[in-house]
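Student: pasting the sequence and the predicted model now:
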Amino acid sequence: MSEERPGRQHRPARAVTVVVIGAGQAGLAMSHYLGRAGIEHVLLERGEVGNAWRHERWDSLRLLTPNWQCRLPGLRYAGPDPDGFMSMPQVVDFLGDYARRLSAPVQAGTRVRSVRPADDGYRVITDRGEWRCRAVVIASGAFNLPRVPALDRALPASVDRLTPREYRHPGQLAPGGVLVVGASATGLQLADELQRAGHAVTLSVGEHVRLPRRYRGRDIQWWLEAAGIHDQRFDEVDDIERARRLPSPQLAGGDVPATLDLNALSARGVRLVGRLVGLQDTRLQFSGSLSAHCAAADLKLGRLLDTLDAWVRTRGLEGCLEAPERFPPTRLPNVPCLGLDLARGGIRTVLWATGYRPDYSWLQVPVLDRKGQLRHHGGVVDAPGLYVLGLPFLRRRKSSFIHGADDDARELSAHLVAWLARGHRHGTMPRGLTTALGA
Amino acid sequence: MQTAIREIDNGVNVTALLGAREALSQAPEAARFTWRTSCDWVMGTHSRATVEGFHGLGEEQRHKTRFAFDTDHPEVFASEDHGPTPVEYVLVGLAGCLTAGIAAVAQHRGIQLNSVRARLEGDMDIQGILGMDRDVRNGFDDVRVTFEIDADATREEIEALVAQSQKRSAVFDILTNPTHVSVQVK
């Protein structure tokens, strides 16, 4: 342990009750509630407030949620365009303003090197000194490291590879064909942008979630919120692991909100192929399951719209909404493309829109399962005084959205406060809280 | 749709399957299975394969019976037609896999099945296997499955059963995705 001591900083460990790792929407929402409860805390931020939004997203990206839905504890959107979709600089300003209003105790430019158990709490070692604390809240996000399939290493050197974390604009890519792998929000948006910029785009499509931007005259996010779908709880769904693995829905924000689905892309000339499953010599192999995945996504969309229509009927809201509609099934090429020979030069760049994973390489607490995921129950991690926020479906379907931070941070901060109080023998867990949290 | 007193029974022990899933999540190494067949050449294009033992749940297992399967080719291939062609067994495998999946998913979802019939077709250009045109592949270039299902459920629920059964089907995966195959001489 002695080599781990922060001797090289020549600074004694600072003490604080709670360390929050990350100053994005989740960390700031937690700071709001900890501040209200009078809990001394610090937010350790590797860069600046909203760092991922600031430095790790492409130029044209807009939020998938309309402005009116962007709210944080004690803050609602009050700008001139409630139905618009924020650009990344606007998101950064929104979070920056919020941090200033809260006077959030953010230690910017502080990268956490390790978190490990210590007497009565945790040691948090950063590149700017050490902290001792009773509790740690991991609010560093779910989208830290791009997931890149092992196939990447087998691709010939003549093919450029890129992840959405490095992608900024089409001008970065060499002229020529692009294979975008992944058909969630990111894959569809980048396929669209690159095709419009003159690249011949092939989109590799596996399991996906199809959503229209608007339905019966309202934004789809209005529906998901009003009908209570965003609020579905982690302890109410049949299979929470599956719900957490669900790819992000095919959506895009923009000045003119429009549905971005596979039909829209094929109409613009994007070629659809199945999941990328192999490379044999120079030939990329695509799964023959494309039609099965599209049929499943079409069915699930139909089922969702049935649910929304039923909700409208039970609420008697028919008069306020346009008539129900159904969207055409996903159109696919008559002859499916099951392989592409890289030697023929049709693909110059492969863009891995295959998702992100959280980075827990610094977490020296035995709370990861065999797949490297945090063991937690609704954000209460499997180690005393350790919490996590902002992961997909952490406590609710909206948990990883900006507006999802409020409810989760409120409940987890209450759990944390009660845990601190119990630890100090200054009282017990408030009645009903344990059952309310299911923890 | 069904009333409370109605017992759904498609003959699938979903409780046991869910129990196995729970048990295997604690011991994932036991989930590794190895399936086997052995095959003896009889004469001409006629062979006989048998299936009996397999490995799974950490130990050797055995079917209740030793099953035997003749494979051959029809008379239009100048063969004696002692059994289905190997590619027809592939269709048999896909049909059995998807249909079993439908029964299991229906049981789990509380849907009573009355009848399920699958019709399968696989297209093949035999210029491939005859080595006449190297641009033609040996295997199927298209496989079509059509289900006729009578169940106490809506059309959407039935379509969802079929979709979920494809999602969890081993043979559907084997046919739609590449698989590493090694063939050696002992």
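Tutor: Thanks, I have it. These numbers come from a predicted model, not from an experiment.

Student: from here on, just use CA atoms for contacts and neighbour counts.
Tutor: Will do.

Student: name the SS class of the nearest residue to residue B:170 once chain neighbours are set aside, please.
Tutor: Once flanking residues are discounted, residue B:170 sits nearest to residue B:97: 7.1 Å by CA to CA, 6 or more residues apart in numbering or on different chains. In terms of secondary structure, residue B:97 is helix; the call rests on DSSP: H, G, I helix; E, B strand; the rest coil.

Student: tell me the pLDDT at residue B:97?
Tutor: pLDDT for residue B:97: 98.

Student: and for the residue of the stretch 301-439 of chain A found nearest chain B, the neighbour number?
Tutor: Nearest to chain B in the stretch 301-439 of chain A, going by CA to the nearest CA, is residue A:303, at a distance of 8.0 Å. Per other CA atoms under 10 Å in any protein chain shown, the neighbour tally for residue A:303 reads 15.

Student: a helix runs through it, doesn't it?
Tutor: Yes - counting by three-state DSSP, residue A:303 is found in a helix.

Student: quick one: contacts for it?
Tutor: Going by CA atoms under 8 Å, 6 or more residues apart in numbering or on different chains, residue A:303 touches residue B:156.

Student: contacting residues around residue 58?
Tutor: Just going to use chain A. A:164, A:165, A:166, A:167, A:168, A:169.

Student: hm, I was asking about chain B
Tutor: Counting by CA under 8 Å, 6+ apart, residue B:58 makes contact with B:29, B:30, B:31, B:32.

Student: going by distance to chain A, which of those residues wins?
Tutor: For the contacts of residue B:58, the closest approach to chain A (CA to the nearest CA) belongs to residue B:29, at 12.1 Å.

Student: grab the nearest non-local neighbour of the closest one.
Tutor: residue B:58 (7.5 Å).

Student: what of residue A:330?
Tutor: Residue nearest to residue A:330 in three dimensions, not counting chain neighbours: residue A:263, with 5.9 Å by CA to CA, 6+ apart.

Student: please work out the average pLDDT along the strand or helix carrying that neighbour.
Tutor: Element membership of residue A:263 [criterion: DSSP states H and E] is helix A:262-267. Helix A:262-267 shows a mean pLDDT of 98.

Student: same question, stretch B:122-141
Tutor: Averaging pLDDT along stretch B:122-141 yields 93.

Student: now the terminal residues of it, how far apart.
Tutor: Stretch B:122-141 has an end-to-end distance of 8 Å (CA to CA, to the nearest Å).

Student: for that stretch, give me every contacting residue.
Tutor: B:91, B:142, B:143, B:144.

Student: and the furthest pair within these?
Tutor: Largest separation among these by CA to CA: B:91 and B:142, giving 11.6 Å.

Student: can you name the residues bridging to residue B:34?
Tutor: Beta-bridge pairing for residue B:34 (DSSP bridges): residue B:55.

Student: now the contacts of residue B:58 as CSV including distance to residue A:13 and secondary structure?
Tutor: Listed next are the contacts of residue B:58 as CSV, based on distance: CA to CA, whole Å; DSSP: H, G, I helix; E, B strand; the rest coil:
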residue, distance to residue A:13, secondary structure
B:29, 44, helix
B:30, 47, helix
B:31, 47, helix
B:32, 49, coil
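
Student: and the helix or strand following the helix holding residue A:263, which strands flank it?
Tutor: Using DSSP H and E, the helix or strand that follows helix A:262-267 towards the C-terminus is strand A:271-273. Using DSSP bridges, the strands paired with strand A:271-273 are strand A:201-204 (parallel).
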